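Q: Provided below are the primary sequence and the corresponding predicted coordinates.
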Amino acid sequence: MTDKAFQDFYPDEFAHCYGCGRLNEAGLQIKSYWDGEESVCRYTPEPFFTGGFPGYFYGGLISSLIDCHSAATASAAKLRADGFALGEKPLSRFVTASLKIDFLKPTPMGKIIDLRSRVLEIKSRKIIVSTTLSAEDEIRAKGEAIMVQLPENR
Ligand SMILES: CCCCCCCCCC(=O)SCCNC(=O)CCNC(=O)[C@H](O)C(C)(C)COP(=O)(O)OP(=O)(O)OC[C@H]1O[C@@H](n2cnc3c(N)ncnc32)[C@H](O)[C@@H]1OP(=O)(O)O
């Protein structure tokens, strides 16, 4: 068991992403963890991440949170599927090939955002991740991401 997040195990060269890189001081630095078969991430929007209406969260960042949490989930899921625990082996780098977001309800500012992901499919280098984004116990957005593991030489 570890208290560290998936992103804490990204190799340094992959740890500069605006959404999830622990080495990006200006970034969101999201943190993802296993909760059984699901992965979870909690995040509270900064007050200036306002969308089209005061009091509501910007949709582009909703997409970013789903994207980066999905990428982290794919990396951790691949490690787990290969039979290793976090920290036993460097995480592989997965990048987003496709991202579909459904915005179901407005997402309020100032509340904790709860992201939960499940792996739908692992096929060779491709992992499909399904995610819900909730606030105040209501699902506000859903995402489905196709994540592809980069070859070692990239
Ligand atoms: C450990 C550190 C982790 C750090 C993670 C940080 C991630 C941050 C998240 C991001 O924002 S990444 C930035 C946005 N994404 C990109 O810039 C990726 C740009 N695209 C690419 O570089 C290539 O298109 C990509 C590597 C995604 C795929 O190219 P490949 O030539 O390696 O893939 P290939 O054609 O061999 O396809 C592999 C599988 O993926 C599937 N695939 C590829 N692109 C797809 C697509 N667009 N839609 C659906 N499926 C797709 C493809 O069909 C195939 O599935 P099957 O094996 O089932 O046949």
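A: Great, that's in hand.

Q: can you tell me the element the closest residue in space to F103 that isn't next to it in sequence falls in?
A: Distance criterion Cβ to Cβ, 6 or more residues apart in numbering; nearest residue to F103, sequence neighbours excluded, is A141 at 5.2 Å. Bear in mind the C-beta positions are built from the backbone N, C-alpha and C, glycine included. Using DSSP states H and E, A141 maps to strand 138-149.

Q: equivalent analysis for K100, please.
A: Short version, using DSSP H and E: K100 is in strand 94-103.

Q: cool, L61 as well?
A: helix 59-81.

Q: for that helix, buried residues please.
A: For helix 59-81, a neighbour-count test (16 or more other Cβ atoms under 10 Å) marks 61-79 as buried.

Q: okay, angle between it and strand 94-103 too, please.
A: Comparing the axes of helix 59-81 and strand 94-103 via axes from the mean of the first three to the mean of the last three Cα atoms, to 10 degrees yields an angle of 130 degrees.

Q: could you see whether the ligand lies near helix 59-81?
A: Yes. Part of helix 59-81 sits near the ligand under the criterion Cβ under 6 Å from any ligand atom, namely D67, C68, A71, S75.
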